[in-house]
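Visitor: Let's see this in three dimensions:
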Amino acid sequence: MSSLLRHAVVALTTGAVLVPFAVLAAPAAATAGTTTPVGAVVTISTRAIPAFFTPDGDGRDDFWAPVVEATSPATWALTVRDAKTNIVRSQVLPAGARGSFSWDGKKTGVLAADGTYSWTVTATSADGVGGPASIGGTVILRARAVAVTARASTFSSDVTTNGYSAISWSSAALPPYATGYNISYRQVSISSLGRRTYGLTRALLKNTKRRSARLYVPAGAIYQVLVAVVDHAPIRAVKPTAYAMTASPVDDRAFVYSRGWSGKRSSSSYKGTLTYASAKGRTATRVVYGSSIRLLGTKCKACGSMTVTVDGRKYAVSAYAGSTRWRQKLFATNRLPGRHVIKVTVAGTRGHPGIWLDGVAGTEPVRAVTPKPLARTGVNAVPPGVGAHWAKSLLGHNKVLVADGTNNSTNGKIKMQMWNWGSTGWHRTGNTYYAWGGGNGWGKTRQGDRRSPTGVFGLTDAGGYYRNPGTKLPYQWSPGTYSAVVNGYRVYSYVLSINYNRVAGTPPSSARIPGPSSRGGQIRLHEGHASSSAGCIGVSRAGMRSMLRWADPRAKPVILMGPHTSIIRRR
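Guide: Numbering: from 1, shown residues only. Below is the predicted model:
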């Protein structure tokens, strides 16, 4: 017993067997800044076991670095598993009183998917006395931004008479960990020199699952709407990822009028009032701040023409319409942000001289303000699941079709996924399809080897037996050329050429090749049904239609194809 006590401060009794170097589970929560004893052998600092990390390359929380301490020397081992219990990270440390681990969020060089991962730390006494013991927990990985779109009425008068603007927001693929949206707003003030000042941010809706709302905007005010995705875990301060601008006009009573104008009331007008004049030469003047200026009024059969002057520049404007229309845009113009003077002069049109003013507004440009585009570097250089080796080859291509296969390309397990690059990073679109390839696997080098090529190749030309299904690529529709039937299937119903040893810009039926004929060629994506090929990739007809509609020459689409070991290659 005395020899055992030299190696363990605490021993747990299991029947008649003493188990030295025992480690107990950590408490669910502890006060930050203190240490939490686990048994009496291992000590865990609550600040040293982060609950989350964000390996997005921004320099903040890019690594998960748990630290475990022991009161006697131990060898340490860390294992991290995904939701399917697959090991994504393992690390072994030499004997010592402290185990300091690190994980960059990658599995075999490729950034792991966002989600919750379980971890286990195992400690074994350095002198070999006693069996190992372990502690465990979970850590949350978040590395990818969520693409969100926000919209708002340019002016509240577009939708209501009382100053309420309509706003909406959406996300094409809200991840499972997101619980809703935070919607907030703030006032934007623009000085005479065009300088913007933002007021306090105020909450409109918190953690909502709604996709639309109304926001009251005081007369003459400009508001910026901010949308943020809420994470169920305390990852970091929730930051907006989408923005929109909206404003409310000042109503007709805010103009400075010459003689000859009279006020009218109408429930259909903005704020319930209108101001009317018909005599030639009557004027109304107003100073506005902003860049997008709009004059609001009524259009009708009795309405005539006017001259609108903005900062000394004159415009002829007609308010005539075949029927009465309320809260109409009589005139609009864009200027540099700042102070602007707008003046309305009645032209006195014969037979229908009336001018009915309802308000005027100046706001930011109609286009929604978007966040700074994400840099295409680091973890964002390639789609998730693709190794850094391909970053240079994919640069400049905003659409990538990834054909990720096993080492045997003939088993129908080539996973086909379409990826798009946008301001918030890579996003997968459409369904996942499974395909067949060359009968002898991957790595085509010569004509007749019945292998599919490995690498990045352009997708520039399409065709088929059936009419164009909606692709923007050049499409050769030729039932006679693509009439081949194999095993009862029309294999060339739709065809997308893969630019392996072929002349880009020629139809798929072309046999022209730029390199040696010994390398082979005429590699295509086409319809296939559970059978291998001489090197082409066979996918379902639905998959072919989807990929053709996805391909857009403006985005320079390419295919990255090969065995899985090649797709995830780091160097």
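
Visitor: Now do the strands in the stretch 51-200 of the chain.
Guide: Per DSSP state E, counting those that start in this stretch, the stretch 51-200 of the chain carries strands over the ranges 52-53, 67-81, 87-100, 106-107, 110-111, 115-125, 133-141, 149-152, 164-170, 178-190, 196-198.

Visitor: out of these, which comes closest to R446?
Guide: Ranking the strands of the stretch 51-200 of the chain by proximity to R446 (C-beta to C-beta) places strand 110-111 first, at 30.8 Å. (C-beta placed from N, C-alpha, C; glycine too.)

Visitor: Can you give the strand pairings for the closest one, parallel or anti for each?
Guide: strand 106-107 (antiparallel) (DSSP bridges).

Visitor: any weak-confidence spans in the chain?
Guide: Residues of the chain meeting the criterion pLDDT under 70: 1-48, 58, 70-72, 127-131, 145, 173, 233-238, 364-375, 377-379, 407-411.

Visitor: for it, what's the longest helix?
Guide: Assignment by DSSP state H gives helix 541-550 as the longest helix of the chain.

Visitor: what does whichever helix or strand comes after that helix rub up against?
Guide: Under the assignment DSSP states H and E, the closest C-terminal helix or strand after helix 541-550 is strand 558-563. Strand 558-563 is contacted from outside by 386, 390, 393-394, 397, 399-407, 409, 414, 441-442, 452-459, 498, 525, 537, 567, using C-beta atoms under 8 Å, 6 or more residues apart in numbering.

Visitor: which residues touch A511?
Guide: Going by C-beta under 8 Å, 6+ apart, A511 touches 521-522.

Visitor: which SS state does it fall under?
Guide: The three-state label given to A511 by DSSP: H, G, I helix; E, B strand; the rest coil is coil.

Visitor: For S517, see how far away it is.
Guide: Remark: distance between A511 and S517 (C-beta to C-beta, to the nearest Å) = 10 Å.

Visitor: what do you get for Q417?
Guide: For Q417, the distance to S517 - C-beta to C-beta - is 32 Å.

Visitor: Tell me which of those two has more neighbours.
Guide: Between Q417 and S517, Q417 has the larger neighbour count (other C-beta atoms under 10 Å), namely 18 against 11.

Visitor: can you map out the helices along this structure?
Guide: Per DSSP H, the chain carries helices over the ranges 2-5, 391-394, 541-550, 564-567.

Visitor: so which of those helices gets nearest I222?
Guide: Minimum separation from I222 across these (C-beta to C-beta) falls at helix 541-550, 38.6 Å.

Visitor: Please identify the buried residues of stretch 259-270?
Guide: 261, 269-270 (16 or more other C-beta atoms under 10 Å).

Visitor: Return the member of the residues you listed nearest to R313.
Guide: W261 (23.4 Å).

Visitor: Who's the closest spatial neighbour of that closest one, skipping the chain neighbours?
Guide: A277 (4.5 Å; C-beta to C-beta, 6 or more residues apart in numbering).

Visitor: which residues does the one you found bridge with?
Guide: Residues in a beta bridge with A277, per DSSP bridges, are I355.

Visitor: tell me the contacts of it?
Guide: 257, 260-262, 284, 346, 354-355.

Visitor: Over to L296?
Guide: By C-beta under 8 Å, 6+ apart, the contact list for L296 reads 155, 157, 249, 270, 327-330, 357-361.

Visitor: cool, and T333?
Guide: For T333, the contacting residues are 292-293, 310, 315, by C-beta under 8 Å, 6+ apart.

Visitor: how close does it get to Y117?
Guide: 55 Å.
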